[in-house]
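Visitor: Provided below are the primary sequence and the corresponding predicted coordinates.
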Amino acid sequence: MSKYFVSSHRGEIQDLREKLNSSKDDVRTEAVKRIVAAMTEGKDVSMLFIDVLKCMQTNKLELKKLVYLYLMNYSRSQPERAILVVNSFVKDSSDPNPLIRALAIRTMGCIRVQNVFEYFIEPLGKCLKDKDPYVRKTAVLCVLKLYCMDPVNIEQHGFLNTLRDMLLDDNQMVVSNVIAALHEIGNNGGKEWIIEEKMVRPLLSALDGSNEWGQVYIMDAIATYIPKESKEAENICERVINKLTHNNPSVVMAAAKIVLKHLEVISPQIANIYCKRLSAPLVSIVLSNSSKHDYEIQYITLRCINLIIQKYPHLFSNQLRTFYCSYDEPIYIKIEKLEIMLMLVNESNVMDILVELKEYALSADIEFVRKSVQAFGKCALKLEKVADRCVKQLVELIELGQNYIVQEACIVMKDLFRKYPQKYLPVIAKLCDNLNTLDDPNAKAAMIWIIGEYNQLITNSFDLLNEFMNSFADEPLNVQLALLTASVKLFIQQPDSQDLVQKALSEASNSASFDIRDRAHIYWRILFDHPQQTHDIMLKERDVITFQTQQLHPQILNSLISELGELSAVYQKVPASFVVKLKKIGVSAKLDEEEGGSEMSDLLCFDGGSSNLIGTASKNVLDFDEDTSKRNDSMKDIFSIGKQTVPINRLVALPKTPTDMKVDASLIYEGGSLFLQLEITNNSPLTMTNFQMQFNKNVFGLVPGQLNIDAIPPNKRWGALLPVGLIPPEITTPVSSRLEVAIANSTQQIYFYVLEMPIGLLMKEQSQVDIANCANLWNSLPNTMSKEYKGSGLELKLQKLSTFILVATKKANDKELLMYTIKFLNDIDVMVEITSTSKGYKILAKCIDKQYLSFIFKFFDGLF
């Protein structure tokens with residue numbers, strides 16, 4: 001191939017043109033190869049477009065592929081010429097050779113030019129129904145590519161419905177491609193598809209005939225299905241359990257995901273059998289990739305095992321040796337293995353772990369040594385019977401005199417003194433002998449705490465603290481706080497140290513830190529105003545600390561286990577917490593005239609005082625017509641808090657807003673977080689960049705995330721999922737479900753509009769409440785409002801909401817009384833008493849602010 005990448009000579013273009021017009025396929029093939037090579041080097045060979053296009057009329061597959069490669073490149077960069085290739089593509093899509101049909105349809109999907117889109121609709125529809133499975137599976141991916149360009153037209157022509165029907169295709173490769181396409185479409189803002197019961201059996205049947213990545217897509221889809229009974233779950237697990245022995249770790253993880261998800265549904269006896277078969281394949285991935293030095297795969301597997309152990313600790317209880325560290329492993333592998341070992345430690349294996357930890361603590365990797373020293377402390381905190389052995393090992397390590405070991409030992413011993421007071425006191429002397437080596441702030445703070453806590457046992461405690469005090473102003477915050485507290489403790493037990501405590505309080509009172517100054521003022525007050533109570537406050541016996549391994553919230557843990565093998569499982573964070581970039585939904589065709597009527601322009605940038613930008617237009621922002629009001633009223637949906645998607649709604653713009661930009665948006669709730677589902681359409685002749693957004697001050701404290709849109713070309717649409725955060729709210733602003741928004745872009749104008757928010761999204765999800773406190777809260781709330789409704793089924797509707805917490809019920813005669821508590825995003829509590837009768841409901845609400853009462857009844861109005 002290198003012969004094609006040679007320097008060009010004068011007259012080469014004319015020479016290539018002559019060869020392209022040759023009647024011999026071999027000559028034309030050589031010419032196109034040189035053209036593609038020049039194109040790869042960045043040279044402009046667009047002047048040969050027509051000549052290359054003529055070469056499409058050939059039966060030689062090699063030449064046709066090269067021509068397609070050329071056309072793909074220059075059709076995107078020169079879209080006005082793309083129309084010239086349409087007839088050739090349409091003709092090739094009907095070629096008797098299935099390879100040529102598939103090649104044509106694949107290339108169509110890569111030519112993402114809007115003005116030829118409509119010509120691809122008919123051949124694409126035919127290829128989706130082609131008799132050859134290779135053509136069908138290629139056409140499926142073409143639908144996905146074109147959807148990313150123009151989702152509206154793809155949906156209007158029914159291609160998404162065709163894809164869903166193709167889930168029942170008799171070819172496994174087609175099915176796997178369909179699942180991959182639908183999954184990607186859902187991730188890019190399209191309608192998420194749901195696996196139905198009738199689809200499960202065909203998908204399971206397609207597993208064995210698919211390639212390994214197709215199997216991953218199929219099993220990921222099956223994992224989203226919720227079986228109706230345990231027998232169905234057992235059948236699904238039985239069909240995928242053999243995939244645990246696959247060579248591809250992704251296939252193993254996808255199968256493990258399904259089994260783990262159904263363990264709670266199936267019978268305990270069957271679950272135990274699957275558990276025994278589950279651990280060995282995952283352990284095998286760890287061991288095999290360790291020997292191959294594929295540490296990235298090994299790390300991902302270890303992170304997933306970490307999640308599994310948090311929910312099912314017994315699964316790997318007999319696999320401890322798998323997680324022993326090797327000297328040549330990267331530090332991130334060692335630390336992850338060490339964390340898993342601590343999760344598995346128990347009375348039967350702790351001695352083996354201590355032997356390993358001693359070896360790790362003598363290694364050359366300083367960070368790993370620190371983690372090993374911490375592990376000794378965690379074992380001692382978790383299992384009291386080995387605490388003596390752990391402390392003995394720590395003392396031996398301290399005697400080595402290594403600076404980083406001593407510092408970590410100080411931190412560990414502080415926790416051990418909290419767990420086992422008045423025990424291991426001889427260790428203090430060894431720690432004090434190494435004070436001069438301390439340079440880590442956490443180690444200093446720990447050692448200062450030990451000196452202050454046991455100052456009566458340390459003969460020179462005054463001198464030690466005084467030495468630390470000499471550098472008080474230069475120490476970090478945690479060291480200063482520890483030194484201040486230790487000085488007060490010393491003064492209480494040794495009154496002759498008054499000079500030290502006065503010096504500490506004086507230094508702290510003049511500190512630039514609010515925390516230090518506040519702590520100093522508190523100590524001044526209790527020492528001089530309440531000296532008799534100071535001893536009880538400062539030297540009160542503390543609660544014994546307990547060791548707890550890092551455990552995720554059960555709801556988050558369940559969510560992450562369903563994401564095994566994904567990035568969120570490695571981060572151990574739900575996707576919404578770290579995926580803050582905008583999600584591209586697609587780019588639309590040129591809009592109809594009727595859509596341009598109420599579109600608005602973008603905004604460039606806010607200046608330093610932009611926090612009140614929207615306030616200047618607040619009065620006009622709310623002046624929208626009656627039709628708009630009716631449309632916004634339709635957004636009142638009780639079930640908004642539990643939905644993944646909310647219909648996009650046209651925003652209400654100021655009357656004078658230009659029509660060069662249209663903005664549609666909805667507030668949605670996804671993955672435990674609020675997002676603004678946003679669509680911006682550029683109707684202007686210019687490319688818009690530098691987008692910024694700001695919300696007006698609102699009573700709920702809503703603020704937008706960063707609007708990371710690079711650019712929107714003319715007559716294009718950009719979709720995004722923008723995170724919405726919470727800050728301390730403006731309590732003085734009126735309570736309203738209307739959110740005033742400003743957007744700016746490179747047009748250097750600022751435009752204002754208003755968004756009607758579903759009231760259900762403005763309430764907090766509550767997993768549990770203090771029911772005992774609810775009675776006091778009910779009696780303390782001053783403002784009340786009541787209203788009667790006719791209808792039924794309200795209890796079932798509220799039962800589905802995690803924002804309404806039932807705290808009390810009472811039945812008398814034909815009436816039933818229900819009491820609920822609600823908390824808004826700004827922590828305003830509302831108590832609701834619902835009296836149910838045969839005729840309907842009487843609802844009584846109480847709140848500290850009467851504005852919220854009309855607000856909550858607006859929510860109830862939407863239920864009847």
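Guide: Structure received. If you're wondering where the values come from, they're calculated on a predicted model, not measured in any experiment. Numbering: from 1, shown residues only.
Visitor: Can you give me the domain assignment for the chain?
Guide: If you go by automatic domain parsing, the domain ranges for the chain are 2-224, 440-541, 578-761, 771-861.
Visitor: Just give me the lowest mean pLDDT stretch among the ones you listed.
Guide: Comparing mean pLDDT across these, the weakest is domain 578-761, with a mean of 60.
Visitor: Quick check: D25 touching K60?
Guide: Yes - the pair D25 / K60 is scored as a contact, 4.7 Å apart, by C-beta atoms under 8 Å. In this view, the C-beta of every residue, glycine as well, is placed from N, C-alpha and C.
Visitor: would you say W718 is within a strand?
Guide: Yes - secondary structure of W718 (DSSP: H, G, I helix; E, B strand; the rest coil): part of a strand.
Visitor: My read is that it contacts T687, right?
Guide: No - if you go by C-beta under 8 Å, W718 and T687 don't touch, sitting 11.4 Å apart.
Visitor: shared neighbours of those two, anything?
Guide: Between them, W718 and T687 share these contacting residues under C-beta atoms under 8 Å, 6 or more residues apart in numbering: I712.
Visitor: higher neighbour count, these two?
Guide: Using other C-beta atoms under 10 Å, the more surrounded residue of W718 and T687 is W718, with 22 against 14.
Visitor: partners of the more buried one in the sheet?
Guide: W718 has these beta-bridge partners by DSSP bridges: I680.
Visitor: can you tell me how far C275 sits from P268?
Guide: According to C-beta to C-beta, to the nearest Å, C275 stands 10 Å off from P268.
Visitor: cool, K257 as well?
Guide: Noted for K257: a distance of 20 Å to P268, by C-beta to C-beta.
Visitor: out of those two, which sits in the busier spot?
Guide: Neighbours per residue, other C-beta under 10 Å: of K257 and P268, the larger number sits with K257, 23 against 8.
Visitor: which SS class is that one?
Guide: With three-state DSSP as the criterion, K257 was assigned helix.
Visitor: So which bits of the helix or strand hosting R525 are buried?
Guide: Assigned by DSSP states H and E, R525 belongs to helix 514-529. Buried residues in helix 514-529, counted by 16 or more other C-beta atoms under 10 Å: 516, 519-520, 523-524, 527.
Visitor: mean confidence score for the longest helix along the chain?
Guide: What stands out as the longest helix in the chain, according to DSSP state H, is helix 268-292. Helix 268-292 shows a mean pLDDT of 85.
Visitor: which helices and strands sit right next to that helix?
Guide: If contacts are counted by 3 or more C-beta pairs under 8 Å, 6 or more residues apart in numbering; DSSP states H and E, helix 268-292 sits against helix 230-240, helix 249-262, helix 295-311.
Visitor: my read: Y332 touches Y299, true?
Guide: Yes - using C-beta under 8 Å, Y332 is in contact with Y299, at 6.0 Å.
Visitor: the more surrounded of the two?
Guide: More crowded of Y332 and Y299, by other C-beta under 10 Å: Y299, with 20 against 15.
Visitor: The more buried one and P249: what is the separation?
Guide: Distance check for Y299 against P249: by C-beta to C-beta, it reads 11 Å.
Visitor: And T322, by the same measure?
Guide: In this view, T322 and P249 are 15 Å apart by C-beta to C-beta.
Visitor: what do you get for K764?
Guide: Distance, K764 to P249, using C-beta to C-beta: 39 Å.
Visitor: repeat for E329
Guide: Separation of E329 from P249 (C-beta to C-beta) stands at 18 Å.
Visitor: Could you check how many residues crowd around the residue lying closest to S326 once chain neighbours are set aside?
Guide: Once flanking residues are discounted, S326 sits nearest to S290: 7.0 Å by C-beta to C-beta, 6 or more residues apart in numbering. Per other C-beta under 10 Å, the neighbour tally for S290 reads 19.
Visitor: One more: the one 3 residues further on?
Guide: Applying other C-beta under 10 Å, we find 11 residues neighbouring H293.
Visitor: now do A31
Guide: Counted with other C-beta under 10 Å, the neighbours of A31 add up to 24.
Visitor: Now it: closest residue in space that isn't a chain neighbour?
Guide: Distances taken as C-beta to C-beta, 6+ apart place K19 nearest to A31, at 3.7 Å, with adjacent residues excluded.
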